[in-house]
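In: Build me a model from this:
(6 chains)
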Protein chains: 6
Amino acid sequence: MNLREEFNAYRTKMNEKILAEDNKVIKRFFNLDTNAYAEGALDVKTKEMLGLSSSMVLRCDDCIKYHLEKCFDAGVTKAQVFEVFSVSMIVGGSIVIPHLRRAVEFWEELENQTND
Amino acid sequence: MNLREEFNAYRTKMNEKILAEDNKVIKRFFNLDTNAYAEGALDVKTKEMLGLSSSMVLRCDDCIKYHLEKCFDAGVTKAQVFEVFSVSMIVGGSIVIPHLRRAVEFWEELENQTND
Amino acid sequence: MNLREEFNAYRTKMNEKILAEDNKVIKRFFNLDTNAYAEGALDVKTKEMLGLSSSMVLRCDDCIKYHLEKCFDAGVTKAQVFEVFSVSMIVGGSIVIPHLRRAVEFWEELENQTND
Amino acid sequence: MNLREEFNAYRTKMNEKILAEDNKVIKRFFNLDTNAYAEGALDVKTKEMLGLSSSMVLRCDDCIKYHLEKCFDAGVTKAQVFEVFSVSMIVGGSIVIPHLRRAVEFWEELENQTND
Amino acid sequence: MNLREEFNAYRTKMNEKILAEDNKVIKRFFNLDTNAYAEGALDVKTKEMLGLSSSMVLRCDDCIKYHLEKCFDAGVTKAQVFEVFSVSMIVGGSIVIPHLRRAVEFWEELENQTND
Amino acid sequence: MNLREEFNAYRTKMNEKILAEDNKVIKRFFNLDTNAYAEGALDVKTKEMLGLSSSMVLRCDDCIKYHLEKCFDAGVTKAQVFEVFSVSMIVGGSIVIPHLRRAVEFWEELENQTND
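Out: Numbers count the residues shown, from 1 in each chain, chains lettered A, B, ... in the order given. As a prediction, the model looks like this:
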């Protein structure tokens, strides 16, 4: 199982357990989290890049993986995703670099799967 | 003096003092900080929105003001900037809200000055 | 106008402007933010103390003020609020101290107003 | 070895090494960290929930595990711990979600061990 | 009253109120916070620079002011303090810059008072 | 492969991939990141300790490992590195402790390799 499959399998399994517990605030927040990235005055691609840069400066690896996958699916190119990385690194500093390494590894995997 | 003028006057005055001190790392970082938002694979408008959302989730009021002004100048509409706010708030949570209040106040001032 | 009145006046004014803009994600998040502190398996007093300690370790002065007021109204005593402060300071470290100073100033004002 | 045993074994081993080094500030801080959660004006259960929510918004997985175990031992119910999760998620935003997933996994293990 | 006097007056007044409340954890933490910067295997000057850089990357203006004053009193030169600033800015990114501006303003005041 | 070799192998591999992508902002930032720790008004040893304490309070394990190695090579003693740990823990609070555990483990490995 590669990084992408592993991440998504765990994410799906645990989200199901979280939503099975009948906590309305959590359920509604999960729903709102999905809606926030829907097309509106900004398109999905831009919103996913916003989600990615926010996740990078807050240094949340799982959030980065999630938005990298969405960015990839929305057609963000490699040169573009590296510009998102560069803005995030300038804003958040060198502590972003370890997350950048893992992000580049994950992006490479996304590209390789498409080439299969 | 309004919020925008006050912010820019202090920013300019202190940046001059910082750059007057001959610290090469700081000088080069300031330069790099400007370059990061230049047009490339992504346009200026998108990059400024990335800078804005990163600043919001990291809760840096002065950084928010700076990027709000740049976003405004780059043609980001009110509906669009509110979508940047909404993504930032979902990613960063309710602690973003006090910064959102000040951001909305600053944005309103940017709009009012244009109407003069 | 004292600290409490000033905080609440600005908060009310800006929340109205934010909600006047028709952004559904923001509106629903504001609503959810209120619901999260409603009585459930935990009582309001406990939830407000959770909101207070979370705000302290994240060092958000306005959030601290908001939850201090709610804690005060829910009957949290001075000895109890200082124990919330102590846990927050141990978890978050000495960088919490400047926020602790302002929190103590605000709490004192809440107590004084009641004595008027 | 399950998650709980693995976490506690490593924690115990390293704490011993840390305390073996004769650094008084660190030793006294470790001692203070324990005292902060002792019964006082607030009971242990409430203090542990404060420690849990603070750890969640600061996104420290090991701290979350530690306080989850303490909460469990103090009699926090599943419905209550999910309300702590919900407040933490609203305060800290969607970046808390990956930590929520791991928290739910750990809580499940705590419940299962009791059922053995 | 200048920045330094204003900061110290408020700090002293509120610390007294905090310590007047008989919370042992807070009192002991305040005591420990002082001890941490005492001469040991590292000298006071080095420890205060560590306190300064930590405060800068965590973006706590009051903590920065406190350690700037201590660094100044310990004989840190202007060129040295700017190197502390440069490391902090590289580690913490452009969001450190607004705090750098205020730090430079405060440092200038420390130098001017000595020249009086 | 031990912790140090594993960390450095991954770091080198990914840095090469990052720099292979022709993003000038990222390349220049990596270069600046190296320059920031060069001898100047402060010596390398002091700067590496600043980098270490900043990384600890920001809780970045990979950054901690990197600076621990540099500190070790620059001749920082065990008693000194524990004083850096103590300042970082006081500034950043108990959430630093899990990172302290891993830092002590890594430092022990650095010492053991030298003894081989």
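
In: so what's the residue positioned nearest the centre of chain A up against?
Out: Against the mean C-alpha coordinate of chain A, by C-alpha atoms, centre = their mean, the closest residue is A:His67 at 1.8 Å. By C-beta atoms under 8 Å, 6 or more residues apart in numbering or on different chains, the contact set of A:His67 is A:Glu48, A:Met49, A:Gly51, A:Leu52, A:Ser55. From N, CA and C alone the C-beta is placed, and that goes for glycine too.

In: so which helix or strand takes in it?
Out: Using DSSP states H and E, A:His67 sits within helix A:61-73.

In: so how far is that helix off the chain centroid?
Out: Put simply, helix A:61-73 sits 2 Å off its chain's centre (C-alpha atoms, centre = their mean, to the nearest Å).

In: immediately after that helix, which helix or strand?
Out: helix A:78-92.

In: Pull the number of nearby residues for the nearest residue to A:Ala38 once chain neighbours are set aside.
Out: In space, and not counting its chain neighbours, A:Ala38 is closest to A:Val44: 7.2 Å by C-beta to C-beta, 6 or more residues apart in numbering or on different chains. A:Val44: 16 surrounding residues under other C-beta atoms under 10 Å in any protein chain shown.

In: Might one say that A:Val44 is in contact with A:Val76?
Out: No: A:Val44 lies out of contact with A:Val76 (C-beta atoms under 8 Å); the separation is 10.3 Å.

In: Can you name the residues that contact A:Trp33?
Out: One thing to correct before we go on: residue A:33 is Asp, not Trp. B:Ile90, D:Ser94, D:Ile97.

In: Next: A:Phe106.
Out: A:Leu3, A:Arg4, A:Ile64, A:Lys65, A:Leu68.

In: Relative to chain D, how far out is it?
Out: 14 Å (C-beta to the nearest C-beta, to the nearest Å).

In: avg pLDDT for the strand or helix carrying that residue?
Out: In this assignment (DSSP H and E), A:Phe106 forms part of helix A:97-115. Mean pLDDT, helix A:97-115: 94.

In: about what we covered before: show me just the buried residues among the contacts of A:Phe106.
Out: Among the contacts of A:Phe106, those classed as buried by 16 or more other C-beta atoms under 10 Å in any protein chain shown are A:Arg4, A:Ile64, A:Lys65, A:Leu68.

In: Of all pairs in those, which one spans the longest distance?
Out: Greatest spatial distance among the buried ones among the contacts of A:Phe106 (C-beta to C-beta): A:Arg4 and A:Ile64, at 12.6 Å.

In: residues near A:Ile26, how many?
Out: For A:Ile26, using other C-beta under 10 Å, the count is 22.

In: er, A:Glu111 I mean
Out: A:Glu111 has 11 nearby residues by other C-beta under 10 Å.

In: Run a quick check on it versus A:Lys78, I expect a contact.
Out: Yes: between A:Glu111 and A:Lys78 there is a contact at 7.3 Å, judged by C-beta under 8 Å.

In: Reformat the contacts of A:Asp33 as CSV; add distance to chain F.
Out: Output for the contacts of A:Asp33, formatted as CSV (distance: C-beta to the nearest C-beta, whole Å):
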residue, distance to chain F
B:Ile90, 23
D:Ser94, 19
D:Ile97, 18
